[in-house]
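Undergrad: Okay, sequence plus prediction incoming.
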Amino acid sequence: MYDNIKPLTKKQLNTLKSKLLSDKESLVFSEKDTDLSLSKPEGSDEVEQSITDYTNSHLLRFRNREAFYAKKIEKALKKFDLEEYGKCDDCGSWIKFERLMARPTAELCIFCKEEAERDESNNFIARQSKSLGKVVDLTGMMA
Ligand SMILES: [Zn+2]
């Protein structure tokens, strides 16, 4: 069922690579901004300090997310060197160009991605019904 998806053309690969590279550049820029904002102001009182802490933890979270994304970009760029870019990590079929344009760091084809997400929500439902079972038990004990 994946046969209708053709390998990416050279032109498409180049488009995606430059997209990844510009994404990477924009990450580096915002990291510099973050470093500037992280410097503590002199003689700040307690309230200002807690605001600074709050802002810093937000920035840190943001930076962690960026670092995570940066890693994904690096991984994707490495795949270009190995000529593996655009292939699904799971089933090895080609990922659609449109999908990669929307998410150049995508590692799974849409079929495998949907399957992975279905598994996740199934686990969630399983957890939910488990805790519901506990509630029912408690009610039974109280009655
Ligand atoms: Zn796949």
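TA: Yes, it's here. Numbering: from 1, shown residues only.
Undergrad: what's the closest non-adjacent residue to Y69?
TA: Closest residue in space to Y69, ignoring its immediate chain neighbours: L27 at 6.6 Å, by CB to CB, 6 or more residues apart in numbering. Placement of C-beta: from N, CA and C, glycine included.
Undergrad: Tell me where the model's unsure across this protein.
TA: 1-4, 28-44, 125-143 (pLDDT under 70).
Undergrad: who does the lengthiest helix in it touch, helix- and strand-wise?
TA: Using DSSP state H, we find that the single longest helix of the chain is helix 46-81. Helices and strands touching helix 46-81, as assessed by 3 or more CB pairs under 8 Å, 6 or more residues apart in numbering; DSSP states H and E, comprise helix 10-38.
Undergrad: what comes up buried for the longest helix of the chain?
TA: Within helix 46-81, the residues scored as buried using 16 or more other CB atoms under 10 Å are 52, 59, 63, 66, 70, 72-73, 76-77, 79.
Undergrad: just stretch 111-122 next, same as before
TA: 111-113.
Undergrad: same thing with stretch 13-26?
TA: Using 16+ other CB under 10 Å as the test for burial, stretch 13-26 gives 13, 15-16, 19-20, 23.
Undergrad: Closest one to the ion out of those residues, please.
TA: L16 (17.5 Å; CB to the ion).
Undergrad: doesn't P104 make contact with the closest one?
TA: Yes: assessed by CB atoms under 8 Å, L16 is found in contact with P104 at 5.3 Å.
Undergrad: of all the residues in this protein, which ones are close to the ion?
TA: 88, 90-91, 109, 112 (CB under 5 Å from the ion).
Undergrad: Now render those as a markdown table, adding secondary structure.
TA: Output for the residues of the chain next to the ion, formatted as a markdown table (DSSP: H, G, I helix; E, B strand; the rest coil):
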| residue | secondary structure |
| --- | --- |
| C88 | coil |
| D90 | coil |
| C91 | coil |
| C109 | coil |
| C112 | helix |
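Undergrad: Pull out the buried members of the residues you listed.
TA: Counted by 16+ other CB under 10 Å, these give 88, 109, 112 as buried.
Undergrad: Just send these back as TSV, with distance to L100 too.
TA: Shown next, in TSV, are these (distance: CB to CB, whole Å):
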residue	distance to L100
C88	11
C109	10
C112	14
